[in-house]
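Visitor: give me a model of this one.
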Amino acid sequence: MRGLRAIITKEIMSFFTSPTGYIVGMIFLIGTGVFFTIDLGNPFPEASLTRFFVGLNFGQTTFGGVTLILILIAPILTMRLISEEQKLGTIELLLTSPVRDWEIIIGKFIASFIFLLFMIGLTLYYPILLFLLADPDPGPIYSGYLGLILYGALTLSIGLLASTLNSNQIVSAVVAMGVLLILYFADYASTVVTGFWSTFIQEIGIKSHFDDFHKGIIDSHDIVYFVTITLLFIFLSIRILESRRWR
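Guide: Numbers count the residues shown, from 1 in each chain. The predicted structure is shown next:
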């Protein structure tokens, strides 16, 4: 486990000391701030003018907007994790070191996930502000953040797999964004077909599984979906890295 801890520590330090980490963090915070401001201008119709924040649906725009932001920044966060190692040739040193393949992948994933949690944590200022100024429904806020964490983990796992497949960071980021966009807009594609294919396409789409969370609904089916897909992409990353050892 020393190898795992070493990789996690190294990658976390890299996120917090590299320009990429600060740029991604800035994009994330500016984006969430914009969507939160939009949310403030869209209270429920039943909210009175004198109690502007009462009944405010915090997640209506904010959480939905953050899912789009993550499609952009998750691939940027993960594009260098393995691609950079391959480009610099340090991947061979990793593969010949006492560190096991799964420790490399899991360590890099955990580090990126911790950085993502840090960024999400900074946005807690918004709901705290709401609770101080008014009496919003806490249900959609709590479930929305849970959904956001699960959604973020999935996007990172896809980005990590793309990084494992290619030594070019830009290509890795583009591939990851492409896959995420396909999964995100799968719900819309399901409306143009019927029967089994409509249900199947909707099930693999990430948007429908996330939408319940920001509505205050925590469904075990959605949790299983996010956890399963995340673990699947992490597993595939490990297998691909293992295949390099035997080339």
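Visitor: run through who's touching the lowest-mean-pLDDT helix or strand in the chain.
Guide: Every helix and strand in the chain was compared by mean pLDDT, DSSP states H and E; the lowest is helix 90-96, with a mean of 74. Counting by Cβ atoms under 8 Å, 6 or more residues apart in numbering, helix 90-96 makes contact with 82, 84-85, 101, 104, 241, 244-245, all of which sit outside it. C-beta here means a position set from N, CA and C on the backbone, and glycine is covered the same way.
Visitor: out of those residues, what pair is the most spread apart?
Guide: Pairwise distances across the contacts of helix 90-96 (Cβ to Cβ) peak at 18.5 Å, for the pair E84 and R245.
Visitor: which of these two has more neighbours?
Guide: It is E84, of E84 and R245, that has more neighbours when counted by other Cβ atoms under 10 Å, with 16 against 12.
Visitor: what residue is smack in the middle of the chain?
Guide: Nearest to the mean C-alpha position of the chain, counting by Cα atoms, centre = their mean, stands G152 at 1.8 Å.
Visitor: where's it, which helix or strand?
Guide: helix 138-165 (DSSP states H and E).
Visitor: and that helix, which residues are buried?
Guide: The neighbour-count criterion (16 or more other Cβ atoms under 10 Å) identifies 140-141, 143-165 as the buried residues of helix 138-165.
Visitor: what's the following helix or strand after it?
Guide: As assigned by DSSP H and E, the chain's next helix or strand after helix 138-165 is helix 169-184.
Visitor: if we can go back for a sec, which elements pack onto the helix holding G152?
Guide: Counting contacts by 3 or more Cβ pairs under 8 Å, 6 or more residues apart in numbering; DSSP states H and E, helix 138-165 packs against helix 62-78, helix 101-122, helix 125-133, helix 169-184, helix 206-214, helix 220-245.
Visitor: buried stuff in the last one?
Guide: It stands for helix 220-245. 222, 225-226, 229-230, 233-234, 236-238, 241.
Visitor: could these be laid out in JSON lines, adding pLDDT?
Guide: As requested, these are exported to JSON lines (pLDDT from 0 to 100):
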{"residue": "D222", "pLDDT": "94"}
{"residue": "Y225", "pLDDT": "95"}
{"residue": "F226", "pLDDT": "96"}
{"residue": "I229", "pLDDT": "95"}
{"residue": "T230", "pLDDT": "97"}
{"residue": "F233", "pLDDT": "97"}
{"residue": "I234", "pLDDT": "96"}
{"residue": "L236", "pLDDT": "96"}
{"residue": "S237", "pLDDT": "94"}
{"residue": "I238", "pLDDT": "94"}
{"residue": "L241", "pLDDT": "89"}
